[in-house]
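Chemist: Have a look at this fold, sequence not included:
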């Protein structure tokens, strides 16, 4: 490896090479920003099917995953809540997944049970962008960069 001579002036960098904004991560999302429809890199989801896994909110269990999607920029989980909210299903955007424990088959999300219960109602037939925007907007509004775990923002 060549050493730089401290007595020489380094050439001006190629104008085509621009400084990279260190607050931006791959995909253009600012670091720490919430992207509702993409799994976090550190969540441990890549290449896994999560159907049948239990889902844990920050304050307790909410049900089991009935279906999932890993579509780029459109990933989500559909959770069957069983008796917790009268047998309804909820859709959780992928961005709510904090981490996955594959050994215990559990998915941990960074929202409280009340936040999930108050989300726009899941409609299996709603595939329009307006529904996704409404749901993503709701979860974006409940996001904090470092979830406290106690449900408070």
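Modeler: Arrived safely. Not measured: the values here are computed from a predicted model.
Chemist: Quickly list what residue 109 is bridged to.
Modeler: Note on residue 109: beta-bridge partners by DSSP bridges are residue 97.
Chemist: Tell me the spacing between it and residue 91.
Modeler: Shown here: residue 109 relative to residue 91, a distance of 12 Å by C-beta to C-beta, to the nearest Å. Yep, even glycine has a C-beta here, placed from its N, CA and C like the rest.
Chemist: what's around residue 113, how many residues?
Modeler: Other residues lying near residue 113 total 18 when counted by other C-beta atoms under 10 Å.
Chemist: ok, and the closest non-adjacent residue to it?
Modeler: Spatial nearest neighbour of residue 113, excluding adjacent residues (C-beta to C-beta, 6 or more residues apart in numbering): residue 57 at 4.8 Å.
Chemist: So that neighbour sits against residue 111, correct?
Modeler: Yes. Counting by C-beta atoms under 8 Å, residue 111 is a contact partner of residue 57 at 5.8 Å.
Chemist: Residue 96 versus the closest residue to residue 34 other than its chain neighbours, what's the distance?
Modeler: Spatial nearest neighbour of residue 34, excluding adjacent residues (C-beta to C-beta, 6+ apart): residue 143 at 4.0 Å. The span separating residue 143 from residue 96 equals 8 Å under the rule C-beta to C-beta.
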